[in-house]
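Peer 1: Predicted model and sequence below, questions to follow.
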Amino acid sequence: QVQLAESGGGLVQPGGSLRLSCAASGRNFGNYHVGWFRQAPGKERENVVVIRWIGTATYVIDYADSVKGRFTASRDPAVDTVYLQMDNLKPEDTAVYFCAADQTLWGRRASDYSYWGQGTQVTVST
């Protein structure tokens, strides 16, 4: 069982930056695959980053084309926290951002993940 809690959202102007955190509680979280998703009003939940566990403290990170070059994901196994650094934010990045985790499955579908946080709102606007 894993519990996830996102933080770090807020209001930022276009071109600005935010760093989201996803703190986990539970055993062996370091061995879990993690995904960052976002959901804008009236739209489906969209994956932005997949962090796939491939070995002890070793991960493969894959970004959606819409955020590639602007978002950077990382994780610190020592504190069971995953981060999403978001730079050069655009109004179309406005959404509720979720982190999700699964010990077995990984991918871009929401159904690939068993555990979800409550989400944090990111608003990019002047």
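Peer 2: Received it, and whenever you're ready, just let me know what you need.
Peer 1: Could you measure from the residue lying closest to residue 124 once chain neighbours are set aside over to residue 18?
Peer 2: What sits nearest to residue 124 in space, not counting adjacent residues and going by Cβ to Cβ, 6 or more residues apart in numbering, is residue 89, at 4.6 Å. Backbone N, C-alpha and C define where each C-beta goes, glycine included. Using Cβ to Cβ, to the nearest Å, residue 89 is found at 7 Å from residue 18.
Peer 1: now swap in residue 5 and tell me
Peer 2: From residue 5 over to residue 18 (counting by Cβ to Cβ), the distance is 16 Å.
Peer 1: Neighbour count for these two, which is higher?
Peer 2: More neighbours surround residue 18 than the other of residue 5 and residue 18, with 20 against 15 (other Cβ atoms under 10 Å).
Peer 1: Now do the contacts for the nearest residue to the more buried one once chain neighbours are set aside.
Peer 2: Spatially, and ignoring its direct neighbours in sequence, residue 18 is nearest to residue 86 (5.0 Å; Cβ to Cβ, 6+ apart). For residue 86, the contacting residues are 17, 18, 19, 20, 67, 70, 71, 93, 122, by Cβ atoms under 8 Å, 6 or more residues apart in numbering.
Peer 1: returning to what we had before: tell me, what's touching residue 89 and residue 18 both at once?
Peer 2: With Cβ under 8 Å, 6+ apart, residue 89 and residue 18 have common neighbours 12, 122.
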